[in-house]
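>>> I'll drop the sequence and a predicted model, then ask my questions.
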Amino acid sequence: MADTFTSERRSEIMGRITSKNTQPEISVRRVLHRMGFRFRLHRDNLPGKPDIVLPKCNVVVFVHGCFWHGHACKRGSATRRPKSNARYWNSKIDGNVARDALQAKALSKLGWRRVVVWACETVDAARLETRLRKILVAPKEAGRRHQRRRPDKKAFAP
Ligand SMILES: [Zn+2]
């Protein structure tokens with residue numbers, strides 16, 4: 001089999017698919033922790049073994065590598081695939097994307113909200129926090145907070 005990688009190098013790359021506690025994962029946990037969320041890690045009793053589970057929010061978070069899970073970004077593989085050994089890479093990536101979709105369906109059936117954070121989104125922690133806040137703060141709660149603010153505004157009105 002023609003292979004551009006040595007088997008050692010390949011197993012190193014392959015290891016990254018399922019490896020736990022990757023830097024992007026740690027970045028997401030750090031942001032969630034700072035926001036005051038309580039979470040659990042790598043629950044293997046849920047479809048796809050979500051990287052982070054927030055039971056109170058009914059949310060599971062997957063921190064996906066852009067290459068392995070087909071993100072449409074500069075480092076992702078949504079539109080650009082390796083040219084050498086294309087069959088091998090395509091089957092790997094397409095397989096991951098298909099599996100992700102199946103797991104998403106299964107999780108939604110179980111009543112979980114599924115959030116995907118791409119590795120490229122973990123570089124800017126402030127931006128990631130803003131995004132997670134929008135997702136995790138229930139609309140009801142956000143509305144209440146908005147209403148609470150209104151009387152203050154009136155008080156300061158001329
Ligand atoms: Zn990406």
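On my side now, so go ahead.

>>> And the helix or strand hosting residue 100, what does it pack against?
Using DSSP states H and E, residue 100 sits in helix 86-109. Where contact means 3 or more Cβ pairs under 8 Å, 6 or more residues apart in numbering; DSSP states H and E, helix 86-109 is packed against strand 59-64, strand 113-118. Yep, even glycine has a C-beta here, placed from its N, CA and C like the rest.

>>> So which bits of stretch 31-48 are buried?
The neighbour-count check on stretch 31-48 (16 or more other Cβ atoms under 10 Å) flags 31, 32, 37, 39, 43, 46, 47, 48 as buried.

>>> what about the helices in this structure?
7-18, 23-34, 86-109, 125-136, 139-156 (DSSP state H).

>>> Can you add mean pLDDT, mean neighbour count and distance to residue 84 and give the helices and strands packed on helix 86-109 back as CSV?
Shown next, in CSV, are these (pLDDT from 0 to 100; neighbours: other Cβ atoms under 10 Å; distance: least, Cβ to Cβ, whole Å):
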stretch, mean pLDDT, mean neighbour count, distance to residue 84
strand 59-64, 96, 23, 24
strand 113-118, 96, 18, 25
